[in-house]
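# Got a sequence here, can you model it:
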Amino acid sequence: MFSFRRILPGTGSDRSRRRSLLRAGAAAAVVLSLLLWWLIPGGRSAPSGTVSFATGVPTGVYARYGSLLKERVDREMPGVDMRLLPSQGSVQNLEMVSSGKASFTIAAADAVATYRDDGEKGAGRLRACARLYDDYMQLVVPAGSAVRSAKDLEGLRVGVGQERSGVNLIAGRLLRAAGLDVDKDVHAVRAGIDRMPGMLEEGKLDAFFWSGGLPTNAIEGLAAKTNIQLVQLGDLVPKLHALEPETRYYRAAVMPPDAYPAVQQGEPVKTVAVANLLVTTDRTDTALTEGVTRAVLRSRDQIGDKVHAAQKVDLRTAIYTAPLALHGGARDYYRSVKP
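Presented below is the predicted three-dimensional model:
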């Protein structure tokens, strides 16, 4: 004989349903926490606040790269307000980061080494987030110029970059390798890439040096308006390396024929290159540094569409940041993506 028991509300199946809902809620909470852990490795709070990024002269590659990186950071870290600060270039960028006026910057490895070797204020606190792309040294002259090498610049009006720029640093060393003194043997004009192309076009300069990624928009723009030539600098490499240790971060390089097609006419140009680093200090928050490093590596293709030099940013080489040690936050990022 069967017996039947009435199921009262709030008992039996209702309790079972509540337990199922509680279990589902707990599982959802676990999934959410895992998702947050994946988005913010280490379970740290999402970085927030205002940070400053020192870039460079308005028409240079640093400035363009910085503006595109800011767009990526805005998307990936909505709590962070990244503000871009103009500068003369690598040397001033390092001064701004060391002094706390900026949290991040880009600087050429040779400028970083010189800043540290000279014992500049705050140099010991500098840390790297990533090796980015290489700067190529470019010596630009009007078409038909008799200049075939840096040694032919003697007595000429030569743009050498602003005083606190990486260009000025390299230009002086290249001239020294060519047997010339920047302050005695040429008429040095200390102007940036925002002014030098116009001065060459107007006949106020006979030549100018530029150190930047390929191609540089300002030089492309100049080539579209007037005929110019690129002068090889490859003959200076042996003498440049003889000036070590201060020149140890320079390497022989070749500008490919398609860097400036209208100028090169299918011919490569031998020159000198130096790596750029994304730089911060040991004072910068670990989670923030990890997030910015992630944004740099993840945005390579998007930034590279507009700044071709950025296509060279590579996870496999990003950790080689000599002469600087990696910041702990950057190290955390690379460990998180290690295969």
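# Can you pull the domain assignment for this structure?
15-43, 44-133+277-336, 135-275 (automatic domain parsing).
# Quick check: mean pLDDT of the shortest one?
This points to domain 15-43. Averaging pLDDT along domain 15-43 yields 49.
# next one: the last one
The pLDDT scores in domain 135-275 average 96.
# From start to finish, how long is that domain in a straight line?
With CA to CA, to the nearest Å as the measure, domain 135-275 spans 6 Å from end to end.
# just how off-centre is that domain within its chain?
Averaged C-alpha coordinates place domain 135-275 at 20 Å from its chain's average position (CA atoms, centre = their mean, to the nearest Å).
# before we move on, back to that, okay, the domains of the chain in a markdown table with mean neighbour count next?
Bear in mind the C-beta positions are built from the backbone N, C-alpha and C, glycine included. What follows is the domains of the chain, written out as a markdown table (neighbours: other CB atoms under 10 Å):
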| stretch | mean neighbour count |
| --- | --- |
| domain 15-43 | 11 |
| domain 44-133+277-336 | 20 |
| domain 135-275 | 19 |
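# Correct me if wrong: Arg83 contacts Val51.
Yes: between Arg83 and Val51 there is a contact at 7.2 Å, judged by CB atoms under 8 Å.
# how long is stretch 295-308 end to end?
End to end - CA to CA - stretch 295-308 spans 17 Å.
# Mean confidence (pLDDT) on it, please.
For stretch 295-308, mean pLDDT rounds to 90.
# So which residues make contact with it?
Applying CB atoms under 8 Å, 6 or more residues apart in numbering, the external contacts of stretch 295-308 come out as 61, 64-65, 68-69, 72-73, 76-77, 129-130, 132, 213-215, 278, 310-311, 313-315, 318, 333, 337.
# and what of stretch 192-209?
For stretch 192-209, contacts defined as CB under 8 Å, 6+ apart pick out 57-60, 88-89, 137-142, 145, 147, 153, 156-162, 165, 167, 170-171, 174, 189, 191, 210, 212, 216, 218-219, 221-222, 225-226, 228, 231.
# Extract the C-alpha trace of that stretch and format it as PDB.
Extracted C-alpha coordinates of stretch 192-209, given in PDB (Å, rounded to 0.1, in the frame of the first residue of the first chain):
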ATOM      1  CA  GLY A 192      64.100  69.600 -33.700                       C
ATOM      2  CA  ILE A 193      62.400  67.500 -36.400                       C
ATOM      3  CA  ASP A 194      59.400  69.900 -36.300                       C
ATOM      4  CA  ARG A 195      61.700  72.700 -37.700                       C
ATOM      5  CA  MET A 196      64.600  71.100 -39.500                       C
ATOM      6  CA  PRO A 197      62.800  69.900 -42.700                       C
ATOM      7  CA  GLY A 198      61.300  73.400 -43.200                       C
ATOM      8  CA  MET A 199      64.700  75.000 -42.700                       C
ATOM      9  CA  LEU A 200      66.300  72.700 -45.300                       C
ATOM     10  CA  GLU A 201      63.600  73.400 -47.800                       C
ATOM     11  CA  GLU A 202      64.000  77.200 -47.200                       C
ATOM     12  CA  GLY A 203      67.800  77.000 -47.700                       C
ATOM     13  CA  LYS A 204      68.500  77.800 -44.100                       C
ATOM     14  CA  LEU A 205      70.300  74.400 -43.500                       C
ATOM     15  CA  ASP A 206      72.700  72.400 -45.700                       C
ATOM     16  CA  ALA A 207      71.900  69.200 -43.900                       C
ATOM     17  CA  PHE A 208      70.300  67.700 -40.900                       C
ATOM     18  CA  PHE A 209      70.600  64.600 -38.700                       C
END
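# Which ones among the contacts of stretch 192-209 map onto helices?
Of those, the ones assigned to helices by DSSP state H are Val167, Ile170, Ala171, Leu174, Ala218, Ile219, Gly221, Leu222, Lys225.
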